[in-house]
Each structure stands twice: as structure tokens, then as C-alpha cells.
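Undergrad: whatever this is, show me its structure:
(chains A and B, ligands or ions: 2)
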Amino acid sequence: MSVVVNVENLVKRYKELVALDHFNLTINEGEIFGLLGPNGSGKTTTINCILSLLQYDKGTIKVFGEEMKPNSYHIKNKIGVVMQNVAVFDTFTVYENIDYFCGLYIKDKTYRKQCVDEAIEFTGLNEYVKFVPKKLSGGLLRRLNIACGIAHKPKLIFFDEPTVAVDPQSRNRILEGIEQLNRDGATIIYTSHYMEEVEQLCSRIAIMDRGKNVAIGTKEELKKMIRNTENITIEVVGIESIDIDKIRQFSHVMNVLYEKNMLKVSYEGGKHNLVRVLDYLQSRQLSFGRVYTEMPTLNDVFLEITGTALRD
Amino acid sequence: MFGHYFKYSFKAIFRVKEVLFWTLVFPIALATFMHMAFGNIYERTEKAHAIPVSIIHLSENNAFDSTVQALSEEDAMLNIIEADNMDKAEKLLREGEIKGIFVVDKNINLTVNENGMDETILDMILTSYEQYSTVIQSTMKNNPQNIENVIKSLMTDKSYLTKEKTSDGSFDNLVTYFYAIFAMSCLFAGFSGVDRASKMQADTTSLGIRRNMAPNSKIYLIISDFFTSLIVQFVFEVIAFLYMKFVLGVDFGTKYAAMMLVLLMGSGIGISMGMIVGCVKNKTTDTKIGITCAISMCLSIMADLVANGVRNAIEHYIPIINRINPAALIVDSFYALNVYDNYDRFFRNMTLLGIIIFLLLFCSFLLVRRTRYASV
Ligand SMILES: Nc1ncnc2c1ncn2[C@@H]1O[C@H](COP(=O)(O)OP(=O)(O)O)[C@@H](O)[C@H]1O
Ligand SMILES: [Mg+2]
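TA: Ligands and ions are numbered 1, 2, ... in the order given. All right, here's what the predicted structure looks like:
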């Protein structure tokens, strides 16, 4: 398994703001690698540095084993990008846009036509080939943006928050498409601030916070890094602070929160935790409504490592 | 590869409405407006007028006298105002009663006060007279038997000169306004230059980001965008030219091929100027549009769009500016075509424009090649 992207000690400042602080990253061939972090944590900055679009202050970046430079055309040839903002010509039709960008990579006309048609098929834009971007809905526009980035069949594809402001249908289609591209042999780098997406899609994940890579691994590995094993949420009215303190003293309880009539108890280890809490509430004659119990999510990983929730 | 770039570069430019406005509608509208505002004056001044001039004799020169005589008859190119001595003549000159003084001595000297169309004609008359007199003298010395033919041919030349003024040359000042409109609309092609360069830049457009990821040198973008813009711009200029000539009836003379070359080079300079502004990093597109607008306005003012005489004043004090101000070069090229018989000044201007275009494009390329941006 060879290393496709290697970033070491990357430092990027925007004036005083340190956007990337000694950031490290290794991505292997065949992975769908997720960069997960809240808005402003430096995901886009990381990608732009890797792509040699941004000046950076320190660090080394290698792509396909070679130093990445603005004129590393043989490397760029194997890269596809789908950026956060839609990047297409307003005045070109869907077909022309895809053909234009594909033609920057593929010179042979017959092969190019085949690639463009496949990209149209892949993103389901068949009915819209003659449309100009203005006439497309948000979801379709995102799909066009993707088609422009992948038509030339790149080996390494960057997706920067491709599902922001996309309807759920298009979103699922996009995620399935990315999995398909990966099955067809492309290495994927995917950024998002939606943990569910990253959890569903990515084989390995780096969690970013304020320009740092705070944790890296598969989702199982990440969850093992934290103490939290179970989260119980119970809808209950009129619980008092002595009760909360009581519950806090149960064995294995890490943390108890009570907001808007929802009691949230997080555990590290232990068995039959839910039963014990419900028994206690009954003994105090407190009536309760809905009850959930969940395994820890990446949000809990983020919360435990950084002390703040992923979604503010 | 170039083919692909060119094809889409064309498609891209043809569908941008703003470009169409600035480069086609604007010059036509401005020319129409000028025509309506100054139409009457234009009619009046279009007729040739005799240039008032005084002649001071410090020694005899029959040949010159008869030349002047010939020029003040018939089509009346000159209007000789009597002046007894140099002091009186200079007073007339200062008061604007006459445009120049010929002082006839061993050599003939021309004194003028300003630097305008009339003064240029006087200078031209003197220059051609000097050329002829050398021819006559050398013929007298070497083949006296041929002198009659030489004088005949010179006379035809002279009548050509006279004729050019009334039917071919466009010596009125108003036509220079129309030249300035061309200069200005050529410079406004800068907007399409900025637009195109912005779309190459990762820090101004997301399109630029994607294009920066292309596995090809930016020279493809610069060259294809420049030449396609040039062709489109040139076609627009020609349409504006035809409109001014046939609809408004502006008399541009007859050297059409050369005038087309001016329009081509002018379009080139406008686009390349816009491109280099657009290729500057870390400025927003709006700022770049503003800069281009300011530059075009300044250059156009210096080339006499707003008031006649600025260009001549510059020629007098800092001539180098007129050699590098593209707008002045464009106006001056038209002017040179209509005033001068030979193409020296015209080709000098074309060469200067060519050099400036090349330098601007080359520097644009240097600005965008192998670049990383401070912020994206
Ligand atoms: N062009 C810029 N100029 C100044 N600061 C910037 C610029 N781009 C991003 N930043 C800052 O850098 C940090 C990281 O931004 P970004 O990489 O866009 O985060 P993300 O993609 O994770 O949302 C943020 O604090 C952001 O405000
Ligand atoms: Mg981002």
C-alpha cells in the first residue's frame, strides 16, 4: 500500500492567524480519507496547500511520492478537485463545461468524448446537458461541479464539503458516487463538518481543530481513544439538582447534563446502565417520556479531545 | 491543445454581455452623440481653409516665392498676410492672426507658436519644398536638358499635395475626436482583459482554482485568451469604424488597410493592458476593474478625448509620454496616416504598440506562472 499524500509539519499563517499549526497527514492509496472539523478549522486551507494553490510558511508536501509544486503537471494530471464553491463557466452549457475541463487533461477527442459521457451518466445529468448553470438547481449544480472535477478519471480526488446546502436526495447520490469512484480505484480525500457523513463514508478520519490534527484513525480506533462508551438520553420533567447529583455518583458515569427537559448521561464502560437510571427515576416517582441509548459518535470523540462540541 | 483552449476561449468571450457593451455599444453611442453635438461645426470645418501665414524676405528666393504663390491660388492652401518686418509678423503670430512665419534667407525657416494641424501642414510644405529644391538644383547641375520634365513632375506632386488636403486628408480637428473614441474603446477592451485574467487567478475566482489545477502551462491560457479577445475586439472596432464612416459620414481618408492595422494594434494594447492588471495577485476583481477604468480614462484624456490640445502640450514638454501612451499612439497613427505622405511615423507607432503589447503579455505570464497565492 503506497502513500499518496504526505504532509509534514505544515504551517500556514494568514497574517497573525495561524490557520495550520504543524499539521501532519498521511493518506494511503485506495482510501476514502475524511478530514472532519468545524467551520474554520483549516480543512480547505489544508487542501489548497496540498494542491500548491496556497503559499505556506513551513512544511513539506509530497503527492505520489514527489514534492508538489505549481508546475508539477504530471502530478496534476492525476488529480481531480471538487471545491467548496462551484467552479464552472456561467456561459457554457453543462456539456461544454465538462468537455472544457476534461479537455485540459485529455487530448484524444474520441477518448475525451467517452469520458465526458461517462461523467454525465455518473452524475445523472443526462437530461440537462444543454442547460446553462443558472438554470440548474443547487443540487444539480453541485453534481455538475463534481462532473467537471472527475471526468478525466483522476487517481486522487479532493472533495471539499461537496454536500453543503444540498437536498438529501442529491446528497445521498453524491455520497454513493464517491464510494463508486473509490471502488473504481481512486483515492479520495473528503472534508466535511458533518460527522454522520464522514462516519458513513470514510475508511480513515482525521479530526481537525484550529489548524491541528487532533486525532487520526478509523472510526473504531477513534472511538476507542476516548473513555465514553455509551450515551443515554431520557425525556423527563421536573428533575431536581439533588437527583442529578445522585445520578452523577452512579458507577461508570462520566457526565450528566440536563437541558430542556432532556437528561443526558454519558458512561465509560459498565453494563445495564440504562436500567439503573430508569429504576432510579421510578423510585423518585419521576415520569419519563422518550428514551434513547447510543454508542459514542465522532462528536463525542471531538468533544472529549477538544472540550467543545463539533457543532456549535 | 491550443485548439481546445482557443475553441472555448471564443465561446467564453462571445457570451459575456458586458464586454459587448463596452467594446461595441459604447464607441458607437459616443460617436453618435459627438456627431449630434458637433455635427454642424464638423460640416463647416470639413471644408479646407487656407492657413494664414506671413513671409519675411531676408534674401531673394524666386523658387520659394513661386511655390508659395502656387499654394495660395486655386485651392488656396495658404493665405499670405502681408507683414513688413519680423516684429510685426511675430506680433501677428502671437495674436493668432497667422499660424506661422516663413523667414526666407539662405535657408528657409519656419516659426510657429503652437503645435497643431495647421502648423504641421506648414512644416510639411517647407519639407517638401526643400526636397524639391535639392532635386531641381542637382538636375540643373547634372542634366540641364531634363529640367523641364522634373519641374513638371514636381508640379504634379504639388497638385497632389493640394488635392490631398481637400479631398483625401482629414485636417479638421474634430476628426481627432473620433480617433480618440477609437483609442478609448480600444483601451476599454481592458475590461475584457481583466475579466479573462481574473478567471485564471485562483485568488479571485473559483474558476481560477480549477484552471490552476490544469496540467498545462498558463501560457496556453494567456495566448488563447489574448488572441480570441483580440479578434472579437477587432471585429467590433471595424463595425464601429464602418458605422462612423457610412452612417455618420466621418471622413477618415482612404488608407483603409493601415487604419485597420491601427484598430488591430489598438485592440491588442487594450486587452493586454487589462490582462496585466488582471494578473496582479491579491487584488479583488472590482479593484482591478477600477484600476483599468482609471488608467483608460487618464490615457484617453492625455490623447485628447476630453479637450483638444493636451496631447500637443505633452508633445511639447514630455514627448516620451506620447511615445508610450497607447491612446496617444493610436490617435497619432491615424493622424500620421492622414497628414503625412510617407508611412515612417505610422510604422514607428505600430512598432511601439507591438513592443508594448508583447511586454505586457510577457509580464502577465510572468505574474501568473508557477504561482502560489497568499490566500485563496
Ligand atoms: N483568505 C483568508 N484570509 C484570512 N484568513 C483566512 C482566509 N481563508 C481562511 N482563513 C481563516 O483560516 C482558518 C481556516 O479556514 P478554512 O481552511 O477555510 O477552514 P474550513 O475549510 O475548515 O472551514 C479560518 O479561521 C479562516 O477564518
Ligand atoms: Mg472549507
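Undergrad: quick one: mean pLDDT for the helix or strand containing B:Val277?
TA: Applying DSSP states H and E as the criterion places B:Val277 in helix B:256-279. Averaging pLDDT along helix B:256-279 yields 95.
Undergrad: what is that helix packed up against?
TA: helix B:174-198, helix B:218-242, helix B:285-302, helix B:326-339, helix B:344-368 (3 or more CB pairs under 8 Å, 6 or more residues apart in numbering or on different chains; DSSP states H and E). C-beta: built from backbone N, CA, C; applies to glycine.
Undergrad: give the buried residues for that helix.
TA: By neighbour count on 16 or more other CB atoms under 10 Å in any protein chain shown, the buried set for helix B:256-279 is B:258-259, B:261-279.
Undergrad: CA atoms only for it - export them in PDB, please.
TA: Output of helix B:256-279 as PDB, limited to C-alpha atoms (Å, rounded to 0.1, in the frame of the first residue of the first chain):
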ATOM      1  CA  TYR B 256      -8.100  51.700 -45.000                       C
ATOM      2  CA  ALA B 257      -5.600  48.900 -44.700                       C
ATOM      3  CA  ALA B 258      -3.400  51.000 -42.500                       C
ATOM      4  CA  MET B 259      -6.300  52.200 -40.400                       C
ATOM      5  CA  MET B 260      -7.400  48.600 -39.900                       C
ATOM      6  CA  LEU B 261      -3.900  47.900 -38.600                       C
ATOM      7  CA  VAL B 262      -4.200  50.700 -36.100                       C
ATOM      8  CA  LEU B 263      -7.500  49.300 -34.900                       C
ATOM      9  CA  LEU B 264      -6.000  45.800 -34.600                       C
ATOM     10  CA  MET B 265      -3.000  47.000 -32.600                       C
ATOM     11  CA  GLY B 266      -5.200  49.300 -30.600                       C
ATOM     12  CA  SER B 267      -7.400  46.300 -29.600                       C
ATOM     13  CA  GLY B 268      -4.300  44.400 -28.700                       C
ATOM     14  CA  ILE B 269      -3.000  47.100 -26.400                       C
ATOM     15  CA  GLY B 270      -6.300  47.400 -24.600                       C
ATOM     16  CA  ILE B 271      -6.600  43.700 -24.000                       C
ATOM     17  CA  SER B 272      -3.000  43.200 -22.900                       C
ATOM     18  CA  MET B 273      -3.200  46.100 -20.500                       C
ATOM     19  CA  GLY B 274      -6.300  44.600 -18.900                       C
ATOM     20  CA  MET B 275      -4.600  41.300 -18.800                       C
ATOM     21  CA  ILE B 276      -1.600  42.500 -16.900                       C
ATOM     22  CA  VAL B 277      -3.800  44.400 -14.400                       C
ATOM     23  CA  GLY B 278      -5.900  41.200 -14.000                       C
ATOM     24  CA  CYS B 279      -2.800  39.100 -13.400                       C
END
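Undergrad: what angle separates that helix from helix B:218-242?
TA: 140 degrees (axes from the mean of the first three to the mean of the last three CA atoms, to 10 degrees).
Undergrad: got the angle between helix B:256-279 and helix B:344-368?
TA: 20 degrees.
Undergrad: specify the angle between helix B:256-279 and helix B:174-198 in degrees.
TA: Using the same axes, to 10 degrees: helix B:256-279 against helix B:174-198 is 40 degrees.
Undergrad: what is the distance between helix B:256-279 and the centre of its chain?
TA: 12 Å (CA atoms, centre = their mean, to the nearest Å).
Undergrad: how much space separates the residue nearest to B:Phe334 when sequence neighbours are not counted from ligand 1?
TA: Of all residues not flanking B:Phe334 in the chain, B:Tyr179 sits nearest, at 4.3 Å (CB to CB, 6 or more residues apart in numbering or on different chains). Per CB to the nearest ligand atom, to the nearest Å, B:Tyr179 is found 45 Å from ligand 1.
Undergrad: over to B:Cys298?
TA: For B:Cys298 relative to ligand 1 (CB to the nearest ligand atom), the value is 31 Å.
Undergrad: also B:Ala374?
TA: B:Ala374 is 8 Å from ligand 1, by CB to the nearest ligand atom.
Undergrad: just checking: what are the partner strands of whatever helix or strand A:Asn231 lives in?
TA: If you go by DSSP H and E, A:Asn231 is part of strand A:230-236. Here strand A:230-236 is paired, per DSSP bridges, with strand A:262-267 (antiparallel), strand A:288-294 (antiparallel).
Undergrad: next, the buried residues of the longest one.
TA: Buried positions in strand A:288-294, judged by neighbour count with 16+ other CB under 10 Å: A:Phe288.
Undergrad: and the next element down the chain from that strand?
TA: Next in line after strand A:288-294, if elements are assigned by DSSP H and E, sits helix A:298-306.
Undergrad: give the rounded mean pLDDT of that following helix.
TA: 87.
Undergrad: that one near ligand 1 anywhere?
TA: No: with CB under 6 Å from any ligand atom as the criterion, ligand 1 is not reached by helix A:298-306; the gap is at least 13.2 Å.
Undergrad: for that helix, list the C-alpha coordinates in PDB.
TA: Output in PDB follows, covering the C-alpha atoms of helix A:298-306 (Å, rounded to 0.1, in the frame of the first residue of the first chain):
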ATOM      1  CA  LEU A 298     -17.400  11.200  16.400                       C
ATOM      2  CA  ASN A 299     -18.900  14.300  18.000                       C
ATOM      3  CA  ASP A 300     -18.200  12.600  21.400                       C
ATOM      4  CA  VAL A 301     -14.600  12.000  20.200                       C
ATOM      5  CA  PHE A 302     -14.300  15.600  19.300                       C
ATOM      6  CA  LEU A 303     -15.900  16.800  22.500                       C
ATOM      7  CA  GLU A 304     -13.700  14.700  24.700                       C
ATOM      8  CA  ILE A 305     -10.500  15.600  22.900                       C
ATOM      9  CA  THR A 306     -11.100  19.400  22.400                       C
END
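Undergrad: out of the strands paired with strand A:230-236, which is closest to A:Val237?
TA: strand A:288-294 (8.1 Å; CB to CB).
Undergrad: give me every residue that touches the residue lying closest to B:Asn109 once chain neighbours are set aside.
TA: Closest residue to B:Asn109 apart from its sequence neighbours, by CB to CB, 6+ apart: B:Val103 at 4.5 Å. Shown in contact with B:Val103 (CB atoms under 8 Å, 6 or more residues apart in numbering or on different chains): B:56, B:58, B:86, B:109-111.
Undergrad: which residues of the stretch 1-150 of chain A lie near ligand 2?
TA: A:43-44 (CB under 5 Å from the ion).
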